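1. here's a sequence, model it:
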Amino acid sequence: MKILIADDEMLIRRALERIFVSRGHIVQSVEDGVAAVKAWKEFNPDLVILDILMPGMTGIEVLKEMGPKRRAKVALISAYSGHEEVGSYTKLGIETFIQKPFNDIYAVAEQMENL
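-> Numbers count the residues shown, from 1 in each chain. A predicted model of the protein is given here:
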């Protein structure tokens with residue numbers, strides 16, 4: 001599977017990238033929303049992991065740019081937990097929302113692989 005990780009936290013990107021690569025996936029990671037849109041267009045991933053709050057463009061803006069006809073599955077991740085907004089995120093076509101910090105990053109990776 002081809003996975004795009006877009007998160008401005010370097011430790012999150014590196015940890016997820018290492019897990020997914022060790023499981024045989026092809027991974028590209030970026031640190032801001034503008035780079036995420038560019039990578040999504042060029043890399044054509046099967047799964048996109050988007051942080052909500054990133055420089056350049058938010059994860060929600062990236063999601064809107066990708067549009068409803070994208071083939072990639074999307075997992076939103078964030079330390080921001082606005083529960084009332086999670087429902088509106090699902091209306092944008094995400095498969096899951098995962099709150100940071102992660103208790104078990106391996107379980108999170110497995111959950112994302114099973115989307």
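2. give me phi/psi at the residue nearest the centre of the chain?
-> Centre of the chain computed as the mean C-alpha position; nearest residue by CA atoms, centre = their mean is residue 49, 1.2 Å away. Main-chain dihedrals, residue 49, degrees, to the nearest 10: phi -110, psi 110.
3. any idea how far residue 56 is from it?
-> For residue 49, the distance to residue 56 equals 16 Å [CB to CB, to the nearest Å]. Bear in mind the C-beta positions are built from the backbone N, C-alpha and C, glycine included.
4. again with residue 50
-> Relative to residue 56, residue 50 is positioned 12 Å away (CB to CB).
5. any regions of this structure where pLDDT drops low?
-> Within the chain, the stretches with pLDDT under 70 are 81-88.
6. quick one: the strands in it?
-> All strands of the chain, identified by DSSP state E, fall at 2-6, 26-30, 47-51, 73-78, 96-99.
7. export the ones you listed to TSV and tack on distance to residue 14?
-> Output for these, formatted as TSV (distance: least, CB to CB, whole Å):
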stretch	distance to residue 14
strand 2-6	9
strand 26-30	8
strand 47-51	13
strand 73-78	14
strand 96-99	17
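8. so which of those is the most packed in?
-> Among the strands of the chain, strand 47-51 has the highest mean neighbour count (mean count of other CB atoms under 10 Å), at a mean of 26.
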